[in-house]
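Colleague: Sequence and predicted model, in that order:
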Amino acid sequence: MANSEVDSSYPDFSNLPDVVWVRIMQSLSLSERAKVARTCRLLNELFNHPSLWYSQKLYFMGDFHKSSREKKIIFCTPFYAELMKRFGKYFQNLTIKIDGDFRSIPADVQDILEEVANRCRLETLTLEAGPITSSFHATYCSPPNYSAVKVLAYFVQKAFRMKYLHIKSWPMYNQIDTDGVLKIFKVPLFSKREICPKTLPGLFMGVLGRKGLGVAPFCQTPNIQPSTWQALSRINPDFRVECTIFLDTPNMELSNLLTPNIPLSAIVYTKYSKIDPLTLTKVYTQYKETMTKFQSYCDSCFIDKGLLIMAQTCINLSEIIYHGEINSLFVVAIAKARGNCLKRFEVREWKIKVTKEFDDVDEDDVIARWRDGPLVLRNPTKFQMSEKQKQEVLQTMIAKVSEALGTPWKPLKWMKAL
């Protein structure tokens, strides 16, 4: 500005400590951070600060013509290639996402990824390698080649500090040209670095299904041998598996995954899924010692008794989220079964069914003959409960649940479903 006195009244942000600028840049997106780095030499130097690269997401573009038999390689922008070369050694929390069909990775990108895997000290890894593979893809599409699978599995093999492995999607082709479709699952176990499975506390898996008329494709669940689960549990007794069910999945598919040897600790039913009573029975029968969390965001009913048995049987169960229909008596019974061991207990208020006096009366007559002979309409209100009576029952339920849990508790008024 022309007036030097006015100009000097503005603070000189270049005098801020480096730690402040680093914190500011941590809150920016990668593209915004790159723009800031172009403004001056100081910010350009801070752009290279290691702490800014501990967490990173790498996005690749695959082939969107899934029915094509031609194996097209995924696309990696020069920006991401240069980013991996310069800052890959700092990566600790890494997400690799491939949009489109996962078929092959260019040789130069493979070299960069292998170099990153060798140099970085990875602690968490999330893989989203292409879309969820269905029976359609297995029949009409081509699987990724051996080198493409190997380079992603290489991250797990080299990550001796890994504590978190999240596989959102993975190509489950039976004819995949590797040691089998279990390559990514076997790597933590058969890694030359024995410390790897000892530091891996959990594996997160998703199961996607689809129900419809005619031929309905569904996700192919990995057929992991019991010996693999047993070995993982033997090497690391604290190893646990979490399973998320996205849609209405056939019981046969779940049976292939939920075997007695899996140390299942949590199962999540999302909004459009469906709870199968047989699966619920399997959960509280096979995993009564390892199960810690049960979450259901779908509209289900008539499993009140199963939920109560699960609460009574699973000795380490500390979280129950259930957004389906449930009787108020079972809400109280579940709370009493777990007591203060239940750290999180969620039910939806408008899904709570209140037991009425005439619920067990099998009486279908709506018209009766009066003493003088004419037919009259029977009083239907005796089979109904007023809103005031219902609220009294709910308040009694809330008081009993709060007493059982040892903390104030209320059902959810509303909540966005998962």
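Modeller: All right, it came through fine.
Colleague: and the residue nearest to residue 100 when sequence neighbours are not counted, how many neighbours?
Modeller: Leaving aside its sequence neighbours, residue 100 sits nearest to residue 62 (CB to CB, 6 or more residues apart in numbering; 3.0 Å). All C-beta atoms are positioned from the backbone trio N, CA, C, and that covers glycine. Neighbour count of residue 62, defined by other CB atoms under 10 Å: 23.
Colleague: Check whether residue 312 really touches residue 336, as I assumed.
Modeller: No: Residue 312 lies out of contact with residue 336 (CB atoms under 8 Å); the separation is 9.7 Å.
Colleague: end-to-end on stretch 263-272?
Modeller: Using CA to CA, to the nearest Å, the end-to-end distance of stretch 263-272 comes to 25 Å.
Colleague: what is the mean pLDDT for it?
Modeller: On average, the pLDDT along stretch 263-272 is 87.
Colleague: Over to stretch 120-139?
Modeller: For stretch 120-139, the per-residue pLDDT averages 73.
Colleague: Over to stretch 338-350?
Modeller: pLDDT averaged over stretch 338-350 gives 93.
Colleague: residues in contact with that stretch?
Modeller: 311, 317-323, 326, 331, 334-335, 394, 401, 404-407, 409, 411-415 (CB atoms under 8 Å, 6 or more residues apart in numbering).
Colleague: And stretch 396-404, by the same measure?
Modeller: 328, 331-332, 335-336, 338-339, 345, 352, 408-411.
Colleague: go again using 10 Å as the cut-off
Modeller: Stretch 396-404 is contacted from outside by 327-329, 331-340, 342, 345, 347, 349, 352, 354, 407-411, using CB atoms under 10 Å, 6 or more residues apart in numbering.
Colleague: Okay, buried residues for that stretch please.
Modeller: Going by neighbour count (16 or more other CB atoms under 10 Å), the buried part of stretch 396-404 is 397-398, 400-401, 404.
Colleague: For ChimeraX, write the select line for the buried members of the contacts of stretch 338-350.
Modeller: Provided next is the ChimeraX selection string for whichever of the contacts of stretch 338-350 are buried by 16+ other CB under 10 Å:
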select :311,317,319,320,321,322,323,326,331,334,335,394,401,404,405,409,411
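Colleague: which ones among the contacts of stretch 338-350 are found in helices?
Modeller: 311, 331, 334-335, 394, 401, 404-405 (DSSP state H).
Colleague: quick check, nearest of the residues you listed to residue 152?
Modeller: residue 311 (39.6 Å; CB to CB).
Colleague: and which of the buried residues of stretch 396-404 is nearest to residue 289?
Modeller: Nearest to residue 289 among the buried residues of stretch 396-404 is residue 404, at 22.9 Å by CB to CB.
Colleague: if I look at the closest one, how far off is residue 262?
Modeller: Separation of residue 404 from residue 262 (CB to CB, to the nearest Å): 31 Å.
Colleague: what does residue 109 give?
Modeller: Going from residue 109 to residue 262 by CB to CB gives 34 Å.
Colleague: Between these two, which has more neighbouring residues?
Modeller: Between residue 109 and residue 262, counted using other CB under 10 Å, the more crowded position is residue 262 (24 against 20).
Colleague: Now do the SS call for residue 290.
Modeller: coil (DSSP: H, G, I helix; E, B strand; the rest coil).
Colleague: mind listing what it touches?
Modeller: Neighbour list for residue 290: 233, 239-241, 262-266, 314-316 [criterion: CB under 10 Å, 6+ apart].
Colleague: With distance to residue 19 added, can I get the buried residues of stretch 396-404 in JSON lines?
Modeller: Output for the buried residues of stretch 396-404, formatted as JSON lines (distance: CB to CB, whole Å):
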{"residue": "397", "distance to residue 19": "52"}
{"residue": "398", "distance to residue 19": "48"}
{"residue": "400", "distance to residue 19": "52"}
{"residue": "401", "distance to residue 19": "47"}
{"residue": "404", "distance to residue 19": "48"}
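Colleague: what residue ranges in the stretch 201-350 of the chain score low on pLDDT?
Modeller: 201-224, 248, 253 (pLDDT under 70).
Colleague: show me where it has strands.
Modeller: For the stretch 201-350 of the chain, the strands defined by DSSP state E, counting those that start in this stretch occupy 202-207, 240-245, 264-269, 293-296, 319-322, 326-327, 344-347.
Colleague: measure stretch 24-38 end to end?
Modeller: Terminal-residue distance, stretch 24-38 (CA to CA): 15 Å.
Colleague: residues in contact with it?
Modeller: For stretch 24-38, contacts defined as CB under 10 Å, 6+ apart pick out 13, 16, 21, 43-49, 51-57, 79-80, 83.
Colleague: mind giving me the domain ranges of the chain?
Modeller: For the chain, the structural domains run 1-51, 52-405, going by automatic domain parsing.
Colleague: Pull out the CA atoms of stretch 83-96 and give them to me as PDB.
Modeller: Extracted C-alpha coordinates of stretch 83-96, given in PDB (Å, rounded to 0.1, in the frame of the first residue of the first chain):
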ATOM      1  CA  LEU A  83       4.100 -37.400  -5.100                       C
ATOM      2  CA  MET A  84       4.900 -41.100  -4.400                       C
ATOM      3  CA  LYS A  85       8.500 -40.700  -5.400                       C
ATOM      4  CA  ARG A  86       9.100 -37.600  -3.200                       C
ATOM      5  CA  PHE A  87       7.000 -38.400  -0.100                       C
ATOM      6  CA  GLY A  88       6.300 -42.200  -0.200                       C
ATOM      7  CA  LYS A  89       8.900 -42.800   2.500                       C
ATOM      8  CA  TYR A  90       6.700 -40.800   5.000                       C
ATOM      9  CA  PHE A  91       3.500 -42.700   4.400                       C
ATOM     10  CA  GLN A  92       2.100 -44.400   7.500                       C
ATOM     11  CA  ASN A  93      -1.700 -44.400   7.000                       C
ATOM     12  CA  LEU A  94      -2.300 -45.200   3.400                       C
ATOM     13  CA  THR A  95      -5.500 -45.700   1.300                       C
ATOM     14  CA  ILE A  96      -5.200 -47.100  -2.300                       C
END
